[in-house]
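Chemist: no sequence for this one, just the structure:
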């Protein structure tokens, strides 16, 4: 299959060759069209190129005469024989003569086609010295200083300083700096032998720092953008101790959807752009770091210079199939010119859980509730004998528990005189035993940047440590980041750069070792009860503690995971003469090694004094993943302006290769738990598994742009992509896009003053992209080798089975996007609006085929059988202004983003219209359920109730009582049921909610005055429905299983004759767990609103004045305090306050298995103090 891909690559190279030739011809033709005839007055129109060293001035004049039609006239005194000069210049003749005058004290006067040279005696120079700072007094390194009269250009150093000599006189000096308004100081008087000091204070441009936007394989001026592109700077990560950059990007850009499902420090997240992508192959945004695929979870947030999101097909088309659902471009910081500067940052944080559930921790109260729940489910006819078949229970025990609860002087642990076992009467708060009150973290970063001669460099490092949330032997997270950027100009036309990064992430966390192989949260809710204590009087663990938190205490069951990532990118940029062409190339090699080793050691406990037992397995396992990634890019950039016309383009090749190898080893029988090693195992049960894949992509890409007077803008992008994941004849696809924009406010007829409407642009785009995100080898018939779970003839034999039927054809999913947008700037660009509306059609999604008869004998083959339509919009509003200059400057900003989207299935193989899968016309996320009709009010009402409710289970024998739930008979057939559970016959079901998040928003603001700064950021979701589910014990409590933990909110809000309007019905166990239970049925009343608004970040700091920092030998000093996730409001807490609205999914997948909604690592709020020092 790869051989076929390489054969097809010849097509790409031929297309590239002809396209490159066309682009060169176009550039050459445009150069000819722009050429002008030189007349006798045309010093500025005559081009001269000189590169001489210690050469006589006369020889230089002769060379100029050779390259032009001008002739020099001079006397022997004007040009002495020993007068030498060194030049390396390629410019117009006027500039060349200015440079000669600067070096030789000569004066040139034009007379017709002759240049008369005279001698000007040297004068003693004066000097101009100054500094360039922003409105807050921060030095601006690399600012451009221009002396109007001489044409001289200079650059400020790392501290914003500059100094140069001038002949005595009066000058105009201009300073410019990217993203700042330029400043000119006139009448700068230079006196012989003296220093004239000047200060330039630049104000940030109000048309945003994103004046130049990073796009695919290049940059563009924001005013010339035609697609849907958003960009933000690295300031969003400042003063925030983040375990990964991913968390810092949540909610900051509209329709960049990042969902963090828990607070685990290693938790990553997919980057979703603009909603549901594909129900088949799936698909998330392509994330590129410095132009190459990378993992933002491993990236040092302090290294980030900018983040750009390419949203529509027109913007992302140049990345082809990899960017079918958006592209996120992360650009890291580069060297700053000037002398070496050093930046040190340190911070210390305390972390706490965002939600602390109030659980019933009184042993008697919980046991009484357990008994009531159990008895009610059994129609008040049976009483529990054990708690979850683990803990002995009886009414006598309940009475004794009550007696001891009323008399705190009685012991909480006793010994049964009959069995000799411990008996427990405790009041244990197991969540308090699980979680520490606070957990600390710290972060230290270092950045060194500067330049010397033609070499510039940027070096950075980071160490982040976070102690985890667990009370006993807590989890520990460490991450190390190193980056080294080195670049320089090899010649005046060739630049070479290298970017090396090293990342290592280590995470050690305790795991549970018990017979249920469940995560700790599930174990606590199912198998530890408030009556049970952590430790027996003799200091040993109780049996129930050993299977949960007690294992953490012994610290002999743990996972140690590590991720090591090394990546190097070497690139060059070569200027091709004066054609406007740049040849760019880069090569990247990345290696990632993931390992996760787990130790399972039996945990000792005692059921009775002096008799020790153990719980759990004795085994060791290890998983290793090795991933090698290679990428090569080679492309030509063209950019030329000719009067009001601007033409640009990119054409190039891209090749990527990925190779993954996985290994898993496991064996039982640990000999020495203090030294867990595979060489110290003696068990007979072992397992060795492996796997992996290889795949490659190759593509040719191009972009053509045309702009007239920055008013009329058109752009075309195209990609011809090939992937080894598809069959030979379907490996390649062509994906084009087109976009256009109109800057209305630049029209001549536009009469509204700029102070009211500064800019108004209309945009439109169309494009189609392929989605190659299918697993490798889907078109091949493969067979897995597995091991039988039984012993035959003394061994466990291997076996395999017939492969599934392969699809008849497998090709690219395609995503076609239409986008309309507008950009509006008001009040001299203080107020900015960006709005986009889009529709995206995903066709040929990789899903199940047409249902086949049962005699077919195997699963229905998958293929390109479904279509999806997504529509949405997004809005960004920003106000930014400043007043005053220097230390008295006051600046402030306020912004908001808001976005929405929804998706509809337009084609799917579901001819019966079953509701338990997708169907045509379905909105993704729609949830079908019953509609509540209150509670039964009395037994008389139940007896006379005209509707058959036998489909719903209210108890073990299904006998409803007052306080049980009623449902509406929507179809009027006199029976509550699901019918055929189809669109044609849904029974009494209707759509009661939608689980897709809607109206994602963010609100940000900042204040900065006299060194004091304040920033804040709110993030949230405007609408999202969530169903607690049959394993939602954190929400239902003992309505789920009688022996589950019990939220105090649930206990206080149950139906009773005294409280008939309570939120929860008559109290019975299993109502939410039994498949037909009245609370297990999806229904309107208990569909929860998981919308929320959260104060994601707030920072308050002080930037010390320059005078003080200079005295301390520093260039900058800042101190700050920061809070993250400090406040949350959500309707989810209206009735039960046990769950964070962002942590409502299943349990942590890395801790044994998923089990239970919301049972996962808690989300954390963080309090931070920090300092930043510049040297």
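Modeler: Cool, got the structure. Since the model is a prediction, treat every value here as computed from it, not as a measurement.
Chemist: what's the neighbour count on the closest residue to residue 425 other than its chain neighbours?
Modeler: Excluding its sequence neighbours, the residue lying closest to residue 425 (CB to CB, 6 or more residues apart in numbering) is residue 404, at 4.4 Å. From N, CA and C alone the C-beta is placed, and that goes for glycine too. Number of residues near residue 404 (other CB atoms under 10 Å) recorded here: 20.
Chemist: Could you tell me whether residue 404 really is in a strand?
Modeler: No: assigned with DSSP: H, G, I helix; E, B strand; the rest coil, residue 404 falls outside any strand and is helix.
Chemist: What does the pLDDT read for it?
Modeler: Predicted confidence (pLDDT) at residue 404: the value is 94.
Chemist: swap in residue 226?
Modeler: 82.
Chemist: same thing with residue 803?
Modeler: For residue 803, the pLDDT comes out at 69.
Chemist: The one 4 residues further on too?
Modeler: Residue-level confidence at residue 807 comes out at 66, pLDDT.
Chemist: Please list all residues in contact with the spatially closest residue to residue 189 that is not a sequence neighbour.
Modeler: Leaving aside its sequence neighbours, residue 189 sits nearest to residue 170 (CB to CB, 6+ apart; 5.4 Å). For residue 170, the contact set (CB atoms under 8 Å, 6 or more residues apart in numbering) comprises 187, 188, 189, 190.
Chemist: Secondary structure element holding residue 170?
Modeler: Secondary structure assignment for residue 170, by DSSP states H and E: strand 169-177.
Chemist: Can you give me the distance of the residue nearest to residue 639 when sequence neighbours are not counted to residue 304?
Modeler: Excluding the flanking residues, the one nearest residue 639 by CB to CB, 6+ apart is residue 648, at 4.5 Å. Plainly put, residue 648 is 26 Å away from residue 304 if you go by CB to CB, to the nearest Å.
Chemist: neighbour count winner among the two?
Modeler: residue 304 (23 against 19).
Chemist: Roughly how far does the more buried one sit from residue 483?
Modeler: The gap separating residue 304 from residue 483 is 11 Å, by CB to CB.
Chemist: intersection of neighbour lists for these two?
Modeler: Common neighbours of residue 304 and residue 483 (CB under 8 Å, 6+ apart) are residue 332.
Chemist: center of the protein, which residue is that?
Modeler: residue 246 (3.6 Å; CA atoms, centre = their mean).
Chemist: Show me where the stretch 601-750 of the chain has its strands.
Modeler: 603-608, 611-615, 619-642, 645-668, 686-708, 712-723, 732-743 (DSSP state E, counting those that start in this stretch).
Chemist: List the buried residues in the fifth one.
Modeler: Judged by neighbour count using 16 or more other CB atoms under 10 Å, the buried positions of strand 686-708 are 695-707.
Chemist: again with the third one
Modeler: Going by neighbour count (16+ other CB under 10 Å), the buried part of strand 619-642 is 619-623, 625, 627, 629, 631, 633-640.
Chemist: Just the angle for that strand relative to strand 645-668, thanks.
Modeler: In terms of direction (axes from the mean of the first three to the mean of the last three CA atoms, to 10 degrees), strand 619-642 departs from strand 645-668 by 180 degrees.
Chemist: Relative to strand 619-642, what are the paired strands and their orientations?
Modeler: Paired with strand 619-642 in the same sheet, following DSSP bridges, are strand 581-600 (antiparallel), strand 645-668 (antiparallel).
Chemist: My guess is residue 330 contacts residue 292. True?
Modeler: No: using CB atoms under 8 Å, residue 330 is not in contact with residue 292; the gap is 10.2 Å.
Chemist: Looking at these two, which is more packed in?
Modeler: residue 330 (22 against 19).
Chemist: and that one, how far is that from residue 191?
Modeler: Plainly put, residue 330 is 51 Å away from residue 191 if you go by CB to CB.
Chemist: domains for this protein, by residue range?
Modeler: The chain breaks down into these domains under automatic domain parsing: 44-119, 126-202, 212-336.
Chemist: show me the contacts for the residue nearest to residue 161 when sequence neighbours are not counted.
Modeler: Leaving aside its sequence neighbours, residue 161 sits nearest to residue 131 (CB to CB, 6+ apart; 5.3 Å). By CB under 8 Å, 6+ apart, residue 131 lies in contact with 139, 156, 159, 160, 161, 162, 199, 200.
Chemist: on that earlier part again, right, and the strands paired with strand 619-642 - which one's nearest residue 487?
Modeler: strand 581-600 (12.2 Å; CB to CB).
Chemist: any idea of the mean pLDDT for the closest one?
Modeler: On average, strand 581-600 scores 93.
Chemist: same check, this time on stretch 666-684
Modeler: Stretch 666-684 comes out at a mean pLDDT of 86.
Chemist: same check, this time on stretch 534-541
Modeler: 93.
Chemist: That stretch: which residues count as buried?
Modeler: Buried, per 16+ other CB under 10 Å, within stretch 534-541: 534, 536, 540, 541.
Chemist: for residue 244, what are its contacts?
Modeler: Residue 244 neighbours (CB under 8 Å, 6+ apart): 265, 268, 296, 297, 298, 299, 301.
Chemist: again, 10 Å this time
Modeler: Shown in contact with residue 244 (CB atoms under 10 Å, 6 or more residues apart in numbering): 260, 265-269, 295-301, 464, 479, 505.
Chemist: And for residue 949?
Modeler: By CB under 10 Å, 6+ apart, the contact list for residue 949 reads 936, 942, 958, 960, 964-967, 969, 975-977, 1078.
Chemist: Just the ones of those in helices?
Modeler: residue 942 (DSSP state H).
Chemist: Just put the contacts of residue 949 in CSV and tack on distance to residue 60.
Modeler: Output for the contacts of residue 949, formatted as CSV (distance: CB to CB, whole Å):
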residue, distance to residue 60
936, 106
942, 110
958, 106
960, 106
964, 103
965, 98
966, 101
967, 98
969, 101
975, 104
976, 100
977, 99
1078, 98
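Chemist: what about burial for the contacts of residue 949, which qualify?
Modeler: Looks like the contacts of residue 949 have 936, 942, 960, 964, 965, 966, 967, 969, 976, 977, 1078 buried, using 16+ other CB under 10 Å.
Chemist: Identify each buried residue in stretch 982-1001, please.
Modeler: For stretch 982-1001, a neighbour-count test (16+ other CB under 10 Å) marks 982-983, 986-989, 992-994, 996-998, 1000-1001 as buried.
Chemist: Looks to me like residue 44 is in a helix.
Modeler: Yes: under three-state DSSP, residue 44 falls within a helix.
Chemist: What is the burial count for it?
Modeler: By other CB under 10 Å, the burial measure for residue 44, its neighbour count, is 12.
Chemist: for the one 10 residues further on, same thing?
Modeler: One way to gauge burial is a neighbour count; for residue 54, by other CB under 10 Å, it gives 7.
Chemist: And for residue 87?
Modeler: The burial count for residue 87: 17, using other CB under 10 Å.
Chemist: Apart from its chain neighbours, what residue comes closest to it?
Modeler: Using CB to CB, 6+ apart, the closest residue to residue 87 is residue 50 (4.6 Å).
Chemist: Let's verify that neighbour: helix, strand, or coil?
Modeler: strand.
Chemist: Which strand residues bridge it?
Modeler: residue 89.
Chemist: Contacts only, for residue 302.
Modeler: Here residue 302 is in contact with 234, 237-238, 240, 242, 245, 332-333, 343, 345, 443, 445-447, 460-462, 481, 483, 1172 (CB under 10 Å, 6+ apart).
Chemist: can we see that at 8 Å?
Modeler: 234, 237, 345, 445, 447, 460, 462.
Chemist: Of these, which belong to strands?
Modeler: Taking DSSP state E, the ones among these that sit in strands are 345, 445, 447, 460, 462.
Chemist: want to try a markdown table for these, with neighbour count as columns?
Modeler: Shown next, in a markdown table, are the ones in strands among the contacts of residue 302 (neighbours: other CB atoms under 10 Å):
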| residue | neighbour count |
| --- | --- |
| 345 | 21 |
| 445 | 20 |
| 447 | 21 |
| 460 | 21 |
| 462 | 21 |
